[in-house]
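Novice: What follows is a predicted protein model with its sequence.
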Amino acid sequence: MLRKLSETRAEEELQLYLFVLLGQGELASQLPKGVQLLNKSFCEESVLTKKGRRTLARTSLSGFFRGGGFSRKMAYTIRTLAGMLRWGRVQTDKLLWRVISDSAPRLDMEFDLAVAYIEGGSAYYTADHVKAKTKAAFVHIDYPSAGYTRDMDQGCWAGFQKIFTVSGETAQAFIQFYPEYADRVEVFPNFVDQQLIRARSREPGGFSDGYKGLRLLTVGRLTHQKGLEVSVEAMRLLKDWGVAARWYVLGEGDRRRALEAKIAALGLQNDFVLLGAVENPYPYYAQAQVYVHATRFEGRSIAIQEAMTLGLPVVASDRSGNREQLEPGVDGLLCPLEPHAIAKTLRGLLADGERRRALGAAAARRQTGDGQERRILQLLEDRKDGEGIADHYSSL
């Protein structure tokens, strides 16, 4: 998101800009008034739909031919692919981030502050191609576990004066990977509007299958990181133990076909339900009994924060990012990322309505940090001269 600040003597006036690297996304119509989208052309099709995936593929592949440097881009991609194959997992998004970044349109503006709101392509583009007096970036994941390498990054982090991570464990992982930038790293939790979440949970929507039993809910992309195949196996154990529950997942991703095959192989078509992506997930939270977040790694899960806001007891894997969000036995439970451990934890919780209510009530009392935006503005205030703060503010 781009923001630009114009200053008058009487007051500070923020003008906000947004540049979307892929030039695609279904939320453009929901931009707040006053935010100017800088993309000259924009596709409002979600990257999770078939049409959206085709558009994304065209954008990615055409990047090899836009802006020159075909040989350099191809060499980088081949080198990165070879590294992924040695690592044992090919991640198409990370494979092409550099190509997309280097071929994206350039902005003919200079800003006082440019903020890359996510790692990968956004960070590469902001570091290499955005003109700004100060640059900051956000890291939302356990960086080395996500598969990034120094060769992929090509020194991009040197271009940022501040690197915000969403949790302490995320900060530690990033610093272990890039110890030379330790003095630039600062923990900055996710923005979560609890009042809006509670209001939207009361809107029409939610489950429509008429199921009368206990509902488990997971919200997240269908990717390797989310480890949903482990949850499918845990559901099979719950069924074998005679637990009357149904598990639902909101989200889309590249693991859908593999998950559908596993669900069918274990005979769980009616018990582990992939609902896809929805515009408003909050009624589903409100109608579920337990939220499950059994992932391989995290930065700081917004889905966990949303579930806790709505008073859901949370069962999460004892992995980086999840540990900081729960106080085990008080507002949630942690367990190993292993089918039997997950199933055993869920069986006990589903059988104990009083404990579910106590954990959920404690979770609902958790508060998210308000006023965090001042920490972004502080980067501008640090640039004050004798006449006031900078003339222009941007965040990407």
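Specialist: Thanks, I have the structure now.

Novice: Distance-wise, check residue 273 relative to residue 259.
Specialist: Going from residue 273 to residue 259 by C-beta to C-beta, to the nearest Å gives 11 Å. For every residue, glycine as well, the C-beta is placed using N, CA and C.

Novice: max-length strand in the protein?
Specialist: Looking across the chain with DSSP state E, the single longest strand is strand 131-139.

Novice: moving C-terminal of that one, what's the next helix or strand?
Specialist: Downstream of strand 131-139, the next assigned helix or strand under DSSP states H and E is helix 150-153.

Novice: Give the other helices and strands that that following helix contacts.
Specialist: Judged by 3 or more C-beta pairs under 8 Å, 6 or more residues apart in numbering; DSSP states H and E, helix 150-153 is in contact with helix 70-87, helix 92-103.

Novice: Next, format those helices as a markdown table and append mean pLDDT.
Specialist: Compiled in a markdown table, the helices and strands packed on helix 150-153 are given as follows (pLDDT from 0 to 100):
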| stretch | mean pLDDT |
| --- | --- |
| helix 70-87 | 88 |
| helix 92-103 | 89 |
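
Novice: Show the residue spans covered by the helices in the stretch 201-350 of the chain.
Specialist: 228-240, 256-265, 282-287, 302-309, 339-350 (DSSP state H, counting those that start in this stretch).

Novice: Point out the most buried one among those.
Specialist: For the helices of the stretch 201-350 of the chain, the largest average neighbour count (mean count of other C-beta atoms under 10 Å) is found in helix 302-309, namely a mean of 24.

Novice: Could you find the closest non-adjacent residue to the residue nearest the centre of the chain?
Specialist: A centroid search over the chain (C-alpha atoms, centre = their mean) returns residue 140, at 6.5 Å, as the residue closest to the centre. In space, and not counting its chain neighbours, residue 140 is closest to residue 299: 4.0 Å by C-beta to C-beta, 6 or more residues apart in numbering.

Novice: ok, the one you found - how many residues close by?
Specialist: 26 (other C-beta atoms under 10 Å).

Novice: Does it touch residue 119 like I think?
Specialist: No: using C-beta atoms under 8 Å, residue 299 is not in contact with residue 119, being 9.1 Å away.

Novice: list residues touching both of the two?
Specialist: Common neighbours of residue 299 and residue 119, counting by C-beta atoms under 8 Å, 6 or more residues apart in numbering, are 139-141.

Novice: can you list those in CSV and add pLDDT?
Specialist: Below are those laid out as CSV (pLDDT from 0 to 100):
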residue, pLDDT
139, 95
140, 91
141, 88
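
Novice: TSV please, covering the residues you listed and showing distance to residue 187.
Specialist: Listed next are the shared contacts of residue 299 and residue 119 as TSV, based on distance: C-beta to C-beta, whole Å:
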residue	distance to residue 187
139	10
140	12
141	14
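
Novice: residue contacts, the residue nearest to residue 140?
Specialist: So residue 299 contacts 139-142, 165-167, 170, 321 (C-beta under 8 Å, 6+ apart).
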